[in-house]
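Engineer: sequence below, structure please.
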Amino acid sequence: MQIKPLADHILLEPLKQEEKTKSGILLPETAEKERPEQGKVIAVGPGKKTDDGKLLPMEVKPGDVVLFTKYGPNEVKIDEKDYLICKEEDILAIIEQ
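Structural biologist: Got it, this is the predicted structure:
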């Protein structure tokens, strides 16, 4: 299935959180985990239109790893895989590696 976000929406694949604490304790699969705050951009919309009809291009592109607000994105399931959809304003930063 192909997903094409509209306007300034972004399709993200959430990145798994570290399974180990800073002190070295391994967390079991049954431990309650918080929603991830990092994701890989899978697809982006064309951008947001201004009031006068100009298209503002997106600052992120597919393949970027980004930091986003914890509760901004909406969860969706596509072909049995979990994704997140958010607006560009929910993206806080691009993580450069």
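
Engineer: would you list the phi and psi of Glu89?
Structural biologist: phi -70, psi -20 (degrees, to the nearest 10).

Engineer: repeat that for Glu88.
Structural biologist: For Glu88, the backbone dihedrals (degrees, to the nearest 10) come out as phi -60, psi -30.

Engineer: surely Leu67 touches Ile91?
Structural biologist: Yes: using Cβ atoms under 8 Å, Leu67 is in contact with Ile91, at 7.5 Å. To be clear about C-beta, it is placed using only N, CA and C from the backbone, and glycine gets the same treatment.

Engineer: between the two, who's got more neighbours?
Structural biologist: The residue with more neighbours, out of Leu67 and Ile91, is Ile91; 23 against 12, by other Cβ atoms under 10 Å.

Engineer: so the residue nearest to the spatial centre of the chain is in which element?
Structural biologist: Note on the chain: the residue nearest the mean C-alpha position is Leu12, at 3.5 Å, using Cα atoms, centre = their mean. Leu12 belongs to strand 9-14 when assigned by DSSP states H and E.

Engineer: same deal with Lys70?
Structural biologist: Following DSSP H and E, one finds Lys70 outside all helices and strands.

Engineer: let's have the chain start at 431 instead
Structural biologist: Will do, 431 is the new start, and the previous item becomes Lys500.

Engineer: in the protein, where is pLDDT below threshold?
Structural biologist: Along the chain, the model assigns pLDDT under 70 to residues 447-452, 454-466.
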